[in-house]
Structures are given as structure tokens and as C-alpha cells.
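Q: with the sequence up front, the predicted model follows.
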Amino acid sequence: YFVGAEDYFTHMRNVTISYKKTVKVLSGLDFRHNMEVVRNQNGSYSAHVFADRAIKIVRQHALYNRDQPLFLYMPFQSVHAPLEVPERYKKKYLFIKNASRRIYAGMVSAMDEAIGKVITAYKKAGLWQNTILIFSTDNGGQVHEGGNNWPLRGWKAQLWEGGIRGVGFIHSTLLKNKGTTYNGLVHISDWFPTLVHLAGGRTDHLHLDGYDLWSAISESKPSPRKELLHNIDPLHEPKGQILTNCSFDIRVRAAIRVGDWKLLTGDPGEGKWIPPPHYQQNKPWIKNQNYNSDQNLWLFNIRTDPLEKNDVSSEYPDIVHHLLDRLSYYNSTAVPVRYPQSDPEADPVLHGGAWGPWRD
């Protein structure tokens with residue numbers, strides 16, 4: 001799929017655009033095999049389709065390319081909105097009163113089942129003992145669509161820990177320290193050099209943002225990853241007043257982590273603490289008593305305060321300025337943002353009824 005958030009069964013995606021003061025809904029199929037549009041899977045749940053295709057790839061690799069490395073990337077739709085799953089998965093969770101959460105749980109089960117079938121294919125093909133499985137999220141849960149990040153603050157599309165902290169696991173016979181937890185910094189850009197190293201390749205001649213973290217993850221050795229830029233968003237509406245004598249405009253939405261310290265500027269999102277899933281759903285969300293609508297600078301020690309309740313920016317001005325300097329550095333290397341206006345020429349009706357590239 002190209003667009004995201006398409007229907008899990010029909011694989012259609014509707015997008016509302018605004019163009020020259022006119023609002024229009026564009027609708028098209030968003031399901032492909034490589035670059036070819038797939039039109040014969042209407043009614044098939046996407047997690048099942050993806051798993052079937054992955055199993056076929058594994059079997060073919062075992063037959064014809066066993067001596068070559070296999071990199072299999074499976075970006076399931078699950079558990080992104082829209083919340084949809086076959087009825088048999090929902091029936092397992094009738095005890096969950098909240099309808100969105102109940103469907104969400106069923107979607108997780110469907111994805112889990114699909115992954116299990118792929119793993120079984122690896123084992124039957126005799127490839128499992130030399131395989132590394134990495135399962136990871138891409139962001140925090142969307143609380144408006146069944147997700148929950150309790151006890152962390154915030155949710156998807158915000159810069160609080162509930163929006164940016166991901167969880168995952170690694171399974172492999174190659175792990176030296178099994179059954180351990182790694183709490184160090186990991187950025188998605190780190191997976192590339194890590195996996196290339198494991199496959200016997202090299203990246204030291206490349207100018208990469210990512211680090212090879214395998215020794216840190218698998219052997220608990222010191223990590224080369226010391227800081228992590230969460231975001232700098234110059235298009236987001238600026239917030240608050242500028243701070244004099246600093247290197248970065250704190251009105252800009254941004255966040256950075258250096259060691260245990262996390263700095264947020266601009267508007268990172270309201271940042272409520274959402275109750276746990278079993279909390280009565282008709283009760284109000286936990287209010288942020290300390291939220292100041294005019295505030296645009298926060299500093300937290302994430303190791304001692306992972307819930308981001310105690311802003312200590314006024315207590316550590318030197319650390320604040322150091323992290324602002326790091327934001328300024330990253331900002332100086334950034335490619336200018338390009339966010340073009342909606343283009344009605346992208347309408348799938350003009351391109352065989354499917355979403356895809358529409359300009360050369």
C-alpha cells in the first residue's frame with residue numbers, strides 16, 4: 001500500500017482534499033504486489049494476505065536461494081485505523097467493554113497469528129536457526145483508535161513519551177544475552193547498519209545517522225547511541241515567546257534526547273495522561289494540572305521521571321542551553337521542508353481507480 005489507513009478488507013482508501021477552496025473526497029484502491037495493482041483480494045483481510053505472501057517468499061528462498069541472505073520486511077497495517085478484524089478474533093475479547101479496545105485486541109491477535117504462521121514457515125524450511133526476528137512498533141498508540149500508552153504521557157503524533165517511545169523484541173539463536181531488557185536509545189535509522197553488520201556487510205564508509213547497536217542489544221555492551229533527535233517541525237504553528245540568548249527558536253515544535261535528558265520546545269501536544277485500558281471509559285481523562293498553554297520549553301530526566309511530570313528546566317539552565325545547541329546543530333543540517341498543496345490530478349479515477357504516482 002502507498003497511502004495508509006486503507007480498509008483492511010476492501011483495500012480502498014478515501015482521502016479528503018482541499019483545492020482552490022473546494023473540498024473533494026478522492027477514493028481508490030491501495031493494494032499492490034510490487035508495483036502491480038491487486039484487484040482480486042476484495043474481502044480478504046490484509047494481515048492474512050501479507051502472511052500468505054511472506055510464507056511463499058520463505059519457501060521459494062529455501063528452495064532456490066538458500067545460500068543467500070534473506071531480508072524480509074513486513075509492515076502490517078495492523079493495528080492502525082480503521083479498526084477492523086474478522087468476527088472470530090473479536091469474540092475472544094467479549095469481556096472488554098470498550099468497543100474500540102475490543103476490536104483493537106482482536107486485530108493484535110490476528111497479526112500475532114499471521115506472524116506465527118510466517119515463523120512456522122521459516123522452521124519448516126530449515127531457516128529459523130539462522131534467522132533474527134525483530135518486532136517493533138513505529139510510534140506510540142493512538143488513544144482515539146483503541147491504543148493506550150499508560151502510564152506514559154501523551155499519544156501518537158505528540159512529542160511526549162507516549163507518542164514517541166516504541167517497544168519491541170528480538171528473537172534469535174544469535175543473541176548472547178537472552179531474556180534481558182535493553183533500555184538504551186534506539187532510533188529507526190540504527191536498524192540499517194545493525195542488520196548490514198549482521199549480514200556480513202560494512203557501513204563504516206557511509207555517512208549514516210544510524211549506529212550498529214548489535215553488541216549493545218545482544219551483549220549489554222556500551223552503546224554508541226548517546227543522543228536522539230525526536231523531531232524539528234518548522235511547519236507546525238509556533239507557540240509562545242522567543243527566548244533571548246539561545247541558539248534555537250523555542251517557539252518551534254521540537255524535541256531531543258541526550259543521555260537521560262529530554263528537551264521539548266514549541267507545542268509538543270497537550271500531553272494528558274490517559275487512564276489504563278481497564279479504567280471506566282465514561283470517566284474523564286486524567287487532567288494535566290501542570291499544563292500551561294503558554295509554556296514552550298520543558299526539560300525532563302527521563303531515567304528518573306519517565307512519566308514527564310516534573311519539568312526541571314528552571315533548575316538546569318546549562319543543560320537546557322546545551323540541548324538547545326544540539327537542536328540548532330541538527331536544524332542547520334536539515335533539508336528545507338517541502339509540503340506541497342493537494343493535487344486533484346492524483347485522483348485515482350484518473351489512474352485506473354488506484355492510488356499511485358501521478359507525475360513523472
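A: Arrived safely, thanks for sending.
Q: going by C-alpha atoms from here, please, whenever you check contacts or count neighbours.
A: Noted.
Q: which stretches of the stretch 51-200 of the chain form helices?
A: Ranges of helices within the stretch 51-200 of the chain are 87-90, 99-124, 161-164, 191-198, based on DSSP state H, counting those that start in this stretch.
Q: which of those helices is buried the deepest?
A: helix 161-164 (a mean of 24; mean count of other Cα atoms under 10 Å).
Q: returning to what we had before: is it possible to get JSON lines of the helices of the stretch 51-200 of the chain that adds mean pLDDT and distance to residue 179?
A: Below are the helices of the stretch 51-200 of the chain laid out as JSON lines (pLDDT from 0 to 100; distance: least, Cα to Cα, whole Å):
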{"stretch": "helix 87-90", "mean pLDDT": "97", "distance to residue 179": "29"}
{"stretch": "helix 99-124", "mean pLDDT": "97", "distance to residue 179": "19"}
{"stretch": "helix 161-164", "mean pLDDT": "96", "distance to residue 179": "24"}
{"stretch": "helix 191-198", "mean pLDDT": "94", "distance to residue 179": "20"}
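Q: which ones are touching the residue nearest to the spatial centre of the chain?
A: Residue closest to the average C-alpha location in the chain (Cα atoms, centre = their mean): residue 138, at 1.6 Å. With contact taken as Cα atoms under 8 Å, 6 or more residues apart in numbering, residue 138 is in contact with residue 166.
Q: measure it to residue 354 for me?
A: Counting by Cα to Cα, to the nearest Å, the gap from residue 138 to residue 354 is 26 Å.
Q: and for residue 263?
A: According to Cα to Cα, residue 263 stands 42 Å off from residue 354.
Q: do the same with residue 175
A: Between residue 175 and residue 354 the computed distance is 43 Å (Cα to Cα).
Q: returning to what we had before: including distance to residue 213, could the helices of the stretch 51-200 of the chain go into a markdown table?
A: Below are those laid out as a markdown table (distance: least, Cα to Cα, whole Å):
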| stretch | distance to residue 213 |
| --- | --- |
| helix 87-90 | 37 |
| helix 99-124 | 24 |
| helix 161-164 | 19 |
| helix 191-198 | 6 |
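Q: between these, which gets nearest to residue 232?
A: helix 161-164 (13.3 Å; Cα to Cα).
Q: and the closest one, what does it pack onto?
A: Here helix 161-164 touches no other helix or strand, going by 3 or more Cα pairs under 8 Å, 6 or more residues apart in numbering; DSSP states H and E.
Q: where exactly do the strands run in the stretch 1-150 of the chain?
A: Secondary structure of the stretch 1-150 of the chain, counting by DSSP state E, counting those that start in this stretch: strands at 12-19, 22-29, 32-33, 36-37, 133-136.
Q: can you list those strands in CSV and add mean neighbour count, mean pLDDT and distance to residue 44?
A: Below are the strands of the stretch 1-150 of the chain laid out as CSV (neighbours: other Cα atoms under 10 Å; pLDDT from 0 to 100; distance: least, Cα to Cα, whole Å):
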stretch, mean neighbour count, mean pLDDT, distance to residue 44
strand 12-19, 16, 93, 12
strand 22-29, 15, 94, 14
strand 32-33, 12, 95, 14
strand 36-37, 12, 96, 15
strand 133-136, 12, 96, 24
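Q: how about the ones you listed, which one is nearest residue 43?
A: Judged by Cα to Cα, the one of those that comes nearest to residue 43 is strand 12-19, at 11.0 Å.
Q: adjacent strands (with direction) for the closest one?
A: Paired with strand 12-19 in the same sheet, following DSSP bridges, are strand 22-29 (antiparallel).
Q: how far does the strand it pairs with sit from its chain's centre?
A: Averaging C-alpha positions (Cα atoms, centre = their mean, to the nearest Å) puts strand 22-29 26 Å from its chain's average.
Q: who's in contact with it?
A: Counting by Cα under 8 Å, 6+ apart, 10-18, 39, 347-349, 353-355 sit against strand 22-29.
Q: buried sites along stretch 341-356?
A: Of all the residues in stretch 341-356, those buried under the rule 16 or more other Cα atoms under 10 Å are 346-348, 353-356.
Q: for that stretch, measure first residue to last.
A: Length of stretch 341-356, first residue to last, Cα to Cα: 17 Å.
Q: what do you get for stretch 153-171?
A: Using Cα to Cα, first and last residues of stretch 153-171 are 29 Å apart.
Q: run the chain-centre distance for it.
A: On Cα atoms, centre = their mean, the centre of stretch 153-171 falls 8 Å from that of its chain.
Q: list the buried ones in it?
A: Residues of stretch 153-171 classed as buried: 153-156, 158-165 (neighbour count, 16+ other Cα under 10 Å).
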